[in-house]
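The following comprises the amino acid sequence and a computationally predicted model.
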Amino acid sequence: MRTVRDEEGVPVRVLQVGGVYQSATYLDERRMEPAFSYYRAFDYAFSVRPVTKHLLMVGGGGYAWPKHVLATQPGDVVMDVVELDPAVTRVARRWFFLNEAMSAHPGRLRLIEDDGRSYLDGRALRVASDACAEPHAPGEPGPSSAPALPDSPPRDALLYDAIVLDAFAGCEPVRSLATVEAARSARGCLVPDGLLLANVVSADGGANVSFLRDVVATWREAFSHVYVVLCEEEPLAVEDNYLVIATNGSWPVPDSIPYEDEFPGEVIRDEA
């Protein structure tokens, strides 16, 4: 953790992991605003799908975007955040004003210590198990033999309107969250017209977008529509940030970048 200054000379506290800035916060009255401009792109979860109320974010870091959501969205918008490293959450609570944000908006942010992929897989399984246990009409095939999990909330309560992926190991994205199997688990955790969003970073100073192409190809295996949006230029970063949005809904995505059929790369799969 260190303090730097932005292009206007304003002090910014940054969380540095593996030599890479993972999150940042202003120290003044703007401390609930995202210091990194790419975080604001996640607001597409609300502008594209205005009825979004229940969100999941995988990758807490300094909790910059969750703080922003609490401060700017109505009180009925709630969010779960999955962060694997409890030390990162402790730093966010003490040094990145997370405790202040949660105290100002009680009950709206739930912190979950877990592996992001494991959480998605488990949540999707619970949704599927609950669907199998739903009542059926006479003459219809009965539910499968898989019982509903004990103390499981209603199926609708398990589903998210939007899921945001922003998990990195140093400068590298968490591969287990980028596979087609992960995308299908995320789809299983969403309402039918929900959104899956991810921050994807270029390489080689913005010249290499091969991972972006692979993510597009992978998500097209699980969703009907996949869009790419170029985020605002980030003064504190050397790479370009892209927002990838996938949905089975018919939501229009303004400012998305048109791409040719040849653009998608290779489908990423779980390693055998």
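Thanks, I have the structure now. Quantities reported herein were computed from a predicted structural model and do not represent experimental measurements. Numbers count the residues shown, from 1 in each chain.

Report the beta-bridge partner residues of Ala246.
Beta-bridge partners recorded for Ala246 (DSSP bridges): Leu196, Val226.

In contact with it, which residues?
By CB atoms under 8 Å, 6 or more residues apart in numbering, the contact set of Ala246 is 183, 195-197, 219, 222-223, 225-227. For every residue, glycine as well, the C-beta is placed using N, CA and C.

Same check on Gly107?
Val78.

separation between it and Trp65?
Per CB to CB, to the nearest Å, Gly107 is found 19 Å from Trp65.

And Asp130, by the same measure?
29 Å.

Same question for Arg110.
From Arg110 across to Trp65, the span is 15 Å (CB to CB).

for Gly265, same thing?
From Gly265 across to Trp65, the span is 27 Å (CB to CB).

got it, and Ser47?
From Ser47 across to Trp65, the span is 14 Å (CB to CB).

repeat for Ala104
Ala104 is 16 Å from Trp65, where distance means CB to CB.

More neighbours: which of these two?
Trp65 (28 against 13; other CB atoms under 10 Å).

now the closest residue to Asp6 other than its chain neighbours: how far from Thr25?
Of all residues not flanking Asp6 in the chain, Val12 sits nearest, at 5.3 Å (CB to CB, 6 or more residues apart in numbering). Distance of Val12 to Thr25, computed by CB to CB: 7 Å.

Between these two, which is the more surrounded one?
More crowded of Val12 and Thr25, by other CB under 10 Å: Thr25, with 25 against 18.

residue boundaries of the helices in this structure?
In the chain, the segments counted as helices under DSSP state H are 44-47, 64-72, 86-95, 98-104, 116-132, 155-158, 180-188, 210-219.

Among those, which comes closest to Met1?
Nearest to Met1 among those is helix 86-95; the distance by CB to CB comes to 6.2 Å.

And the contacts of the closest one?
So helix 86-95 is contacted by 1, 13, 15, 17, 23, 25, 60-63, 83, 98-99, 111, 113 (CB under 8 Å, 6+ apart).

Would you check that Leu55 makes contact with Ala162?
Yes: checked against CB atoms under 8 Å, the pair Leu55 and Ala162 is within contact range at 5.0 Å.

got any residues that touch both of these two?
Contact criterion CB under 8 Å, 6+ apart; residues shared by Leu55 and Ala162: Ala45.

Can you give me the distance of the spatially closest residue to Asp193 that is not a sequence neighbour to Ala87?
Counting by CB to CB, 6+ apart, Gly249 is the residue found nearest to Asp193 once chain neighbours are left out, at 2.9 Å. Distance of Gly249 to Ala87, given as CB to CB: 37 Å.

Between those two, which has more neighbouring residues?
More crowded of Gly249 and Ala87, by other CB under 10 Å: Gly249, with 16 against 8.

Ala128 versus the more buried one, what's the distance?
Taken as CB to CB, the span from Gly249 to Ala128 is 20 Å.

now swap in Ile245 and tell me
Taking CB to CB, one finds Ile245 at 24 Å from Ala128.

So between the two, which is more surrounded?
Ile245 (24 against 15).

Which residue, other than its chain neighbours, is closest to the more buried one?
Distance criterion CB to CB, 6+ apart; nearest residue to Ile245, sequence neighbours excluded, is Tyr227 at 4.5 Å.

hang on, isn't that neighbour packed against Pro254?
No: the criterion here is CB under 8 Å, and Tyr227 misses it with Pro254 at 9.7 Å.

Looking at the two, which is more packed in?
More crowded of Tyr227 and Pro254, by other CB under 10 Å: Tyr227, with 25 against 9.

And the more buried one, how far from Leu158?
Going from Tyr227 to Leu158 by CB to CB gives 26 Å.

And His54, by the same measure?
10 Å.

Same question for Val253.
To Leu158, Val253 is 26 Å away according to CB to CB.

That's all I had, so thanks and see you.
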